[in-house]
Structures are given as structure tokens and as C-alpha cells.
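1. Take this sequence and fold it.
(2 chains)
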Amino acid sequence: MSHPYDVVIGLEIHVQLQTESKMFSWCGTEFGLPPNTQTDPVSLGMPGTLPVMNRKAFELALKTAVALGAEITPFTKWDRKNYYYPDLPKNYQISQYDLPFSTGGWLDIPARKDGGGGSRCALTRVHLEEDTGKLTHGVGDYSEVDLNRAGIPLMEIVGEPEIRSAADARGCLEELKLTLRSLGVSDCEMQEGSLRCDANVNLHIHKDGKTIATPIVEIKNLNSFRAVEKALNYETERQYKKWLEDGLTIKDSPKTTRGWNDAEEVTKPQREKETAADYRYFPEPDLVPVVVDEEWLARVRASIGELPGARRERFQTAYGLSPYDANVLVEQGDDVADYFDAVARDTSEYKLASNWIQQDVLRSIKDKKQAIADFPVRPDALADLINRVKRGELNTNQGREVLGRMIETGDPAETVIELGGYKMVSDSGAIAAAVDAALAANPQAIEDIKKGKKKPEAVKGFLRGQVMKQTGGKANPALVGELLEAKLAELLA
Amino acid sequence: MNADLLKDATAATLLAQLNAGEVRSEELVRGYLDRADALKRLNVFVHLDPDHVLDQARAVDARRAAGEPVGPLAGVPVAIKDVLCVEKEPTTCGSRMLKDFRPPYDATAIVKLREAGAILFGKTNMDEFAMGSSTENSAYGPTLNPWDEERIPGGSSGGSAAAVAADLAPLSLGTDTGGSIRQPAAVCGLVGLKPTYGRVSRYGLIAFASSLDQIGPFAHDLADAALLLRVISGRDERDATSVDRPVPDYVATLDRKPESLRIGVAREFFGEGLDPEVEAAVREAIRVYEKAGATIKDVSLPNSKYGVPAYYIVAPAECSSNLSRYDGTIFGHRAEDWSPKYPGEDALHPLVRMMMASRAEGFGAEVKRRIMLGTFCLSAGYADQYYNQALKVRRLIRNDFDAAFQDVDVILGPTSPSPAFKLGERTADPLAMYLSDIYTITANLAGIPGLSLPCGLTKSNLPIGLQLLAPAFAEENLLRTARVFERATDWHTKRPAIGA
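-> Below you'll find the model as predicted:
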């Protein structure tokens, strides 16, 4: 699809940090409790209470910023953002204004099979603040306020408007989720609201050698990665059509806000704030500035393990995996990638290990909704099975069958092979007999090749299958191929 | 009840009697409760629950009788400014806004009082949200000065000052944002101390201006003030701005002569508008110090003149934010009627109208004035001119003090430019009212400790206060230096001739 325009997308992402207690109090943070039970005087904003910074939360944010390659501000402070809203019990939010704890940084969007991705999204800043409560409207002629969420540590990541497609925007978010989960910073569940995203989008339309920018739209209510992609695609087309109709540009119209309607798959205008926001920011007098010294930074750096991006690279260079395979393994999260690494320690058949993990292991744990830690075949057992295939004890098909049994029983390969009689047949006499039998049973096969009715390779494939069938799938496939070739050469000569 | 018991009593004399078993706390508080009843006209207490007071006293008596260890204030009543949260007790801040607020927790200073065995003796009247210098801005009516019932007791901690001055409690707690302990102490003839910012935890102090507020003691004399200060001071993990420094035993060292007695006299504290009788008393105090061997030096605090304007930007700015939570949604008075009343209001969301109506009804005029001032000063396009400029002035004022304290240990001057003025005298003129704090405000802006102690009486028998300022965390030396004056004079023994 080619359009005479570029899409320009900037993301504003909010991530709840995984901490035991809230950003500025000792109150717990568990998700899903009855409304207003996860509160204390501080997070309720009771008169007289004071915030005290949760150092753990700050450190998690620091870890994120370091991992994203951001610059850490050595002296950072807190500010009050003042606005009246019932989900904000103090009517001000403790946030960071002109001295965020980090600036810059980037996210690498992984390459996709469709050729997209493979680009980098620069970040403007990352700052820390307290989450607000949650309002439920439409319960009656009133709204309900739940302050369980109020005061949860919230990290705001502002990206530069550098993303060029909806799929890249989604890729950027998925990569962020993968990275933050790997860091242990957040579970990034969009459904539960621990990752939230607003997207700013407009078009740069190319017309008569000029570039025309359409008005910027901020899309809200994006509650899944899928929604982000769909909404941006929808909005892109809508803006283009709109421009064809009215020709309005960024100069004619201020930024507007639209909400994504997941059911109807459209964006709809949202009510604008009645007056221009003036948050009357000023330094939070109840908190002291935070000084991040080299020692602290060094400790944080040391706590960061291998990040998904680096792991993808390593899977390609160390194990010779394709970018696609490396990505499939890494994007499952650290547990699966760790599992692969463990298998790869005990076998050198990396490709086979990667294939079986992608096909059999992942299917099994997905079907059973199991964590890989609970998967019955441990990495050493899988490596052992793979090595047996490599040594020629089993052919690949047998190997997968044995793996299937191992998953069911939890037994090691040796036991399954013995009990199931899975030994591969490498007896050339027996295989030659099977080749003869297969040819005898399918005389038209030779005729098809002779008369040029079918391609020889297709016929050979069919015949190999027949031979395997004859041997109950136990034949050494290399030997089958060899003997079949010899026999065919003889017959076709 | 022995009426003599309360006569000329101090916390120290009462503690001696309590510890000697000559009197029980229950008897003592009954005496004070009777007196509070008899002096209701002074309007000192916003809330005083006799049963609650008696329960506490009996509990302390029981511990003493059982020979259990008791705290340093065991059985001694302490009146509490109604800005400090006391669990389950009304805490109104002198405002209609919080008339039904009962906090589910104790302020840290209150926890410390309880641990020290003090009897929490009622909540005292104050200017609404601590904004004022006369206690006339209370939604619960003004408090009268025990020395002259036609006059104000100072403010904003006027109730706490009057409580001690009228012998309704030997000790009380106030808060000082721009002089709200020192000025009432001065006009009520008491010792009042504003500690260094960060010395006492602000947790549970309902904020007026967070970067300026401090809790401090009122007492008849320095020994009592030192005792109460020692109890409430110290680092609190619930207040990030409280400072982790050891708390000296202010009581034990009080009578030691200061190692160095260099006293600075700032010419800026003797300017226009200073009442001649006040000036004469302060000049006399300088002579007392000279006689005691002090070196008197002139010092200069050139940026003091910007203190009041800077304060009236910083404090309202912070208050406009601190008080925004009182909108009738979760906290504060909620209006019953929020139907549109003025043109254009019908276009507003009902929730916005509810907040507007609630705030219009809940806050008094002075609070509204400061919220508007502060909101303006923080607004886009104005913050640089006002708020950020005021922060710069703050730094200059602090620098002035740092420079002055290179040469002197303490800076001396009047606490307030005049003795207690008449009720209603300044209510129509906010600027005149603001100038009551002209000498006290700079200490808050600089974060340093300040103390007021009695140094004379006017011809009309109104107390005059002497202010001493010291470097940050030099409370110990500040008290010892003040004690030099107290030992040489008997002003601290004067009490109003108030008939119960």
C-alpha cells in the first residue's frame, strides 16, 4: 500500500512500577482488591500527612533509565502538578517537571518478518510520579472513586515523534514490555493498566514537492497492543481522508484528543478540557531533592543483566539462529530464553533445539497455561534427546514423538525410547526391502517420472514417505534417501 | 482542689509535686478543667473533652502508683493548637471547612507527647489554617488576650498562647509559619520557640506553607520550653524534611552560661513603625546583656525589607496547593446547594460547581485572599516574576543570616512591633495585619530557630517580647543565651490578673 504521506507517531507511556509499597507511603500495592482497601492516610491525601519517597521505586526507575541508555540527572527534584480532579485526592500530583531524573535514551524496535521494524525510537525523557485513583462513571447519577491505585509509583516515558508506522508503534511497546519485564521493573499488563499508552499521531503529506503536516491527534483509551496498532491505522486513514475533504493543516487546528472505541474500532472525539491547562508547577516542599551519585549508579548498572536486544544478537552470533528464530525465543520472555540457553549448554544442535522449543515446548506450555519452570522436560533432558537424534539413535520424527511422550510422562528420553521401542532402523537390508516393497506397491510412481507427469523430487518425497511407513517410521532417513536414490537410478537408467 | 496549686505553676513545679506524690494528675486536670469552664469567655478551646482528659490523667496516675516508669511530662496537661492531628479528636484548623474532621491518626508531635506521659488538654483556637496574627480569623470567633480582654492574643496560635497565659494549661503547642508562635508569645507574656526547620516532625501538622511551618512550645519560662522542645524534637521517618541530628538535652544544659556571648543587634529590626515602649524595653534588654558580660555588635540584614513581600508570595503559593484538597469531594465541608448562581455557571460541570460552592462556604476571607494570591503567583507567565523571584529573595535572606552569624552567636530584637492591639483594630486592613510579623518572618524564610521571651510590660500592663534568633540547630545555645536574660530579670514571673 503506498500513500503520498509519512505517518508521524509519538508515544507517551505510563508504567506502574512493581513495588511492595506506594511511591510516597508504606501502603501496599496489590492489584484487584476491593475499592479503597489498599489505602492509608498518606495515599488518601489526609490533611497533615506527608509523602516520603520509596527508594526502591526510585531505584527501579533508575534501572529502567540506565537500561534504555538514558542520561541520569545527578540532582533531581519533585514538583507539584496542581489540578482539580476527584481521582486525585490532594488535588495535586507529585511529579517531576523541569528536572526529570533522566533524559534521552532509546528503544530499538525489532525487525519483523514483513520487513518492518528494525528502527530506533529515541526517548525524550523518563520521569517518576504518583498514579491517580480510578473513577467509575455511569453507576448512577454519580461516579465512584477508588483510590487503591492512588500513589502507585508511575514512570512516564515520553518518546520522540519518530515512529513511522502503527506496526512499529506496537513493536516499540512490545519491546518496552519485554525489556521492563526482563528488568523486573513492571509486569506491563495493559489490561490491568500497569502499562498505559497515549499516542500522538499526524501525517506529513507530500504534495507538489511540499510537505504538509495534518493536525496532531492524541489517541487515548488504548488498552491493548492490538488496539494501539488498530487505532493508529484507523486514525492514519481518517486523517488522510479528512485532509482530502477539508485541507486543514497543523497550523489551522490545535492538538485534539480522540478516544479509541474498541468495540466499534473507531476513534471518537473526546471532550476537551474547558480551559487551557495551567498546572502551576512548583517544587514539592514536602520532599527533598534526590542526589544520584556515581556509587549508586554503579550499583544499579551492575544489577542489570543481559537485555532482550543483546540476547537476540547473541542467539544469532553464538548459536547461528536466524533473526526470526532468535526473536521468537527472546520475545517469550527471559524464562524461555533462559531455557533455550540451558539446552544450548548441553548440545550443539542449536537449530533443532530452537525448532523444538518453538514448536513442541511452547505449544505444550501454552496449552497447559504453564510456566516454563513447571515444564516437565528440563533443559538437560531435552538436550540429551537432541544429542540422541544427532548421534543417529533416532530420526527427527522419532525424536519429536519421544519428546511428546517425555512431556506426558516426565520420563527421560532413555526410558521412553526403551519402553516405546523407538530405536532407529539403520539396517540397510531391511531398508532396501522396504524400498522394494514401496516401489512394488506404487508402480505408477516410476511411470510418472518417466512420462514427465510429475517432478522427480515430488515423487521421491512421496516414495520416502512410503518407505518410512513400511518401517513404522523407524528407518534412518538418510539411509532411506540413499537407497531410494540408488534404486531409482537403477530403474530409470 | 487547692486553688494555690495552679497559682504561678509551671510544668516544672507541677512535675515536682506529681513525682513527689503531693498531687495526682487527676486532681490537677480537674483544677484546669474547672478553670477552663470559668474562663470560657476567653474562647481559648475549640474542643475540650473533660472525660477524655480525665481518662488520660487517671491512666498516668495508675502507672505512677504502680511504680511503672513514666515519661518526662507524665500527668502534665499540654494544650494543642487545633492544627495538629489527634486521633479521633476534632481537628478543625479554626475553619468551617474542617468542622467535622476527625483524623484517623496522631501527629508525630502528639505521639511523642503521649509517650512522654503528657495529658492532651483540648484543642486551642487559631486563625483559620494558621493564617493571621490575631486569632480573629477563626471560624469559631476570636480568642481574648488574658492580659486585656479587649485585645487580641496574637496569632495564629492565639488559643495556645492564651491557654498558658491564663493558666488553663502550663504548656501548649503552637505552630509558626511566619511568627505564629513568637508573636502570640510576645503579646501574651510567654516564652515561645520556633525551632529550626526540620527539628520537629511536621507529620500530622495540617499544612499551611510546608516549607515554613514548624511546631514549637509555649511556656511560662525557658526551663518549661526546653522540656517540651526536647520531647517533640527529632528525626521522623514520616517527614522527609525532618533532620537526622541528635536532640541535645536542652533542660540539662539550660543553666550553663554560653561559651560565647556575642549578641548582634540588627538595625533593620528597629525601623519605622516600632512602638516606642517596645523599643525601650528591647534597648533595656541589651543593657541587661551588656551587664551580664555580652559583647554587643551591630549587624546588618539588608534583605530583611524583602521578607514580608517574599513571604506573602511563598506562603500563599504553597497554601494554594496545600488547601486545594478541601473541595467537598473527599475532604472538607460540602455545600448543600451548588445550583448555578452567577452568569455562566450553568455551563460548568455540576462537580465543578459543587467544589466552588463548598470552597466559597467553607473558607473565610483571609484564607480565600491567600489562595487567590498564591494561585496567581504560580500561574503560567507569572511564576518567574513572583514565585521564583521570592525563592531568590529567600536565599539572600538566608545569606544575610549566615554572614551575620559569622560574627555573633545570637541576633536580638523586638518580637513584634507593638504590644497586643485591640480586637477589630486591623481586621479591615490586611497589610497592617501582615506587618505584625515583620520581625519574625525572616527566620521562617531562612529556616533558623527563633525565640520570644518576656522583656517588659507597657504602661497599660501589656507584655512585650524580646526575640532572639540563632543559626540552624543552635536551639541549645539559643535557650542558654535567653536564660542569661531570664536569670537577670523577673518578667517571666508576671502573670495577668485574670479573675476566674
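
2. low pLDDT regions in chain B?
-> B:1-3, B:500 (pLDDT under 70).

3. mind listing the strands in it by residue range?
-> B:45-47, B:77-81, B:119-124, B:171-176, B:191-194, B:214-219, B:262-266, B:295-299, B:410-414, B:450-457, B:463-469 (DSSP state E).

4. Check whether the fourth one comes near chain A.
-> Which is strand B:171-176. No: applying C-beta under 8 Å from any C-beta of the partner chain, one finds strand B:171-176 separated from chain A by no less than 11.2 Å. Bear in mind the C-beta positions are built from the backbone N, C-alpha and C, glycine included.

5. How about the residue sitting nearest the centre point of chain A: what's its closest non-neighbour residue?
-> In chain A, the centroid-proximal residue (C-alpha atoms, centre = their mean) is A:Glu174; its distance is 3.7 Å. If the residues on either side of it in the chain are set aside, A:Glu174 comes closest to A:Phe225, at 6.0 Å by C-beta to C-beta, 6 or more residues apart in numbering or on different chains.

6. Just confirm that neighbour contacts A:Leu176, I think it does.
-> No: look at A:Phe225 against A:Leu176 with C-beta atoms under 8 Å: they stay out of range, at 10.4 Å.

7. right, so the strands of chain B: which one is the most enclosed?
-> Of these, the one with the most neighbours on average (mean count of other C-beta atoms under 10 Å in any protein chain shown) is strand B:191-194, at a mean of 32.

8. Now residue 223: closest residue in space that isn't a chain neighbour?
-> Since you didn't name a chain, this refers to chain A. A:Met190 (5.6 Å).

9. that answer is for a different chain, and I need it for chain B
-> Closest to B:Ala223 by C-beta to C-beta, 6+ apart is B:Ala12, at 5.4 Å.

10. I'd assumed B:Ala226 was in contact with that neighbour.
-> No: using C-beta under 8 Å, B:Ala12 makes no contact with B:Ala226, being 9.9 Å away.

11. who has more neighbours, these two?
-> The residue with more neighbours, out of B:Ala12 and B:Ala226, is B:Ala226; 28 against 18, by other C-beta atoms under 10 Å in any protein chain shown.

12. who's in contact with the more buried one?
-> B:Tyr250, B:Val251, B:Leu254, B:Leu479 (C-beta atoms under 8 Å, 6 or more residues apart in numbering or on different chains).

13. pLDDT at the nearest residue to A:Lys453 once chain neighbours are set aside, what is it?
-> Closest residue to A:Lys453 apart from its sequence neighbours, by C-beta to C-beta, 6+ apart: A:Glu447 at 7.6 Å. Per-residue confidence at A:Glu447 stands at 83 (pLDDT).

14. next structured bit after the strand or helix carrying A:Glu447?
-> Taking DSSP states H and E as the definition, A:Glu447 sits inside helix A:443-450. Next along the chain after helix A:443-450, taking DSSP H and E as the criterion, comes helix A:456-470.

15. what residues does that following helix touch?
-> Taking C-beta under 8 Å, 6+ apart as the rule, helix A:456-470 contacts A:397, A:431, A:434-435, A:437-439, A:441-442, A:445, A:448-449, A:475, A:477, A:480-481, A:484-485, A:488.

16. I'd assumed B:Thr108 was in contact with B:Gly204.
-> Yes: counting by C-beta under 8 Å, B:Gly204 does reach B:Thr108; the two are 5.8 Å apart.

17. Between these two, tell me which one has more neighbours.
-> B:Gly204 (29 against 26).

18. and that one, what does it touch?
-> Neighbours of B:Gly204 in contact, by C-beta under 8 Å, 6+ apart: A:Gly48, A:Thr49, B:Leu84, B:Cys85, B:Pro103, B:Tyr105, B:Asp106, B:Ala107, B:Thr108, B:Ala109, B:Ile110.

19. give me the number of residues near the first one?
-> What that stands for is A:Gly48. Count around A:Gly48 with other C-beta under 10 Å applied: 23.

20. do the same with the third one
-> Neighbouring residues of B:Leu84 were enumerated by other C-beta under 10 Å; the total is 29.

21. Can you tell me the closest non-neighbouring residue to it?
-> B:Ala107 (4.6 Å).

22. my guess is that neighbour contacts B:Tyr203, does it?
-> Yes: taking C-beta under 8 Å as the definition, B:Ala107 is a contact partner of B:Tyr203 at 6.1 Å.

23. Mutual contacts of these two, please.
-> Counting by C-beta under 8 Å, 6+ apart, the residues touching both B:Ala107 and B:Tyr203 are A:Gly48.
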